[in-house]
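Q: Turn this into a structure:
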Amino acid sequence: MRRLAPVLCALIFGAAGAGIAYYFAAADIGTLGDWRQGALRFIGGAGALGALVGWYAGARLALGAPITRVGYTLSYRPADPQPLGYREMKTLTVDDLLARLRDVGYAPAIATCTALGERTTQGADPAQPLVGANIAITAPRVKGYVRVQLPPPAEGQTRAIGVLELNSEGGPSAEELGMFTLRSLGELVGNLTAAHDTSRLSEDPVALLTAHLPERRA
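A: Next up, the predicted model:
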């Protein structure tokens, strides 16, 4: 159905444009030279313009809003269990990250991502370990989403490599959510550094990259 959206919208908008033009120019139809300079030319042009607008609107509907992607490569130490009480140890979970985002004013929701990094419509379990997660984070009034993937380190590996992606559908809201997410990760995961995935420069500590952020979102 989404593939037919451009055609359907072109037909609907074209008919609407021609109909509106006919309402205003019907009395002038029949004069000599209509297709060159008269009412029929006006009606035909309005229909063609409506069809063009409808095709564009249908194409946007079928393809969705254009998404701008900015990626960061993360480097981190394997996350050690955190002390919880006298005898218990607590493994960091996705909900620990979401709690930090709630503290700065977001109401985050999460969905799973595929191995190729594509967001799905399936919800994710906030109780899953943070290291090993591959999730998309959304929030009200944020145009886009943030993907976080923290693969568990291989055996004997001293540092692991993860990904944080800012997928924006327009405006700065997704970038802001991404930066708060990056700062929250830096507070949870040991010795976290980050670099733009297109940059050849060395990685910087996350605290340095997010130093400009306020305590709470604007």
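Q: Point out where this structure drops to low pLDDT.
A: Applying pLDDT under 70 to the chain picks out residues 1-3, 28-38, 58-66, 78-90, 200, 218.
Q: just so I have it, where are all the strands in it?
A: In the chain, the strands defined using DSSP state E lie at 68-76, 82-84, 88-90, 109-113, 119-123, 134-138, 144-149, 160-168, 193-196, 204-205.
Q: Format those strands as JSON lines; extra columns: mean neighbour count.
A: All C-beta spots, glycine's among them, are computed from the backbone N, C-alpha and C. Listed next are these as JSON lines, based on neighbours: other CB atoms under 10 Å:
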{"stretch": "strand 68-76", "mean neighbour count": "17"}
{"stretch": "strand 82-84", "mean neighbour count": "11"}
{"stretch": "strand 88-90", "mean neighbour count": "10"}
{"stretch": "strand 109-113", "mean neighbour count": "18"}
{"stretch": "strand 119-123", "mean neighbour count": "11"}
{"stretch": "strand 134-138", "mean neighbour count": "22"}
{"stretch": "strand 144-149", "mean neighbour count": "23"}
{"stretch": "strand 160-168", "mean neighbour count": "20"}
{"stretch": "strand 193-196", "mean neighbour count": "18"}
{"stretch": "strand 204-205", "mean neighbour count": "13"}
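Q: is it possible to export those to JSON lines including distance to residue 44?
A: JSON lines is the format used below for the strands of the chain (distance: least, CB to CB, whole Å):
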{"stretch": "strand 68-76", "distance to residue 44": "38"}
{"stretch": "strand 82-84", "distance to residue 44": "71"}
{"stretch": "strand 88-90", "distance to residue 44": "71"}
{"stretch": "strand 109-113", "distance to residue 44": "47"}
{"stretch": "strand 119-123", "distance to residue 44": "43"}
{"stretch": "strand 134-138", "distance to residue 44": "45"}
{"stretch": "strand 144-149", "distance to residue 44": "41"}
{"stretch": "strand 160-168", "distance to residue 44": "40"}
{"stretch": "strand 193-196", "distance to residue 44": "51"}
{"stretch": "strand 204-205", "distance to residue 44": "60"}
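Q: Check whether residue 131 really touches residue 150, as I assumed.
A: Yes: Residue 131 lies in contact with residue 150 (CB atoms under 8 Å); the separation is 4.9 Å.
Q: tell me, what's touching the two both at once?
A: 160, 189 (CB atoms under 8 Å, 6 or more residues apart in numbering).
Q: Looking at the two, which is more packed in?
A: Using other CB atoms under 10 Å as the criterion, residue 131 and residue 150 rank with residue 150 on top: 26 against 19.
Q: Give me the distance between the nearest residue to the more buried one once chain neighbours are set aside and residue 25.
A: The shortest distance from residue 150 to any non-neighbouring residue, by CB to CB, 6 or more residues apart in numbering, is to residue 162 (4.2 Å). Here residue 162 is placed at a distance of 63 Å from residue 25 (CB to CB, to the nearest Å).
Q: Residue 72 too?
A: Residue 72 is 57 Å from residue 25, by CB to CB.
Q: With residue 77 instead?
A: Distance of residue 77 to residue 25, given as CB to CB: 73 Å.
Q: The two: which has the busier surroundings?
A: Each of residue 77 and residue 25 has its neighbours counted (other CB under 10 Å); residue 25 has more, 17 against 14.
Q: Surely that one touches residue 39?
A: Yes: counting by CB under 8 Å, residue 25 does reach residue 39; the two are 3.9 Å apart.
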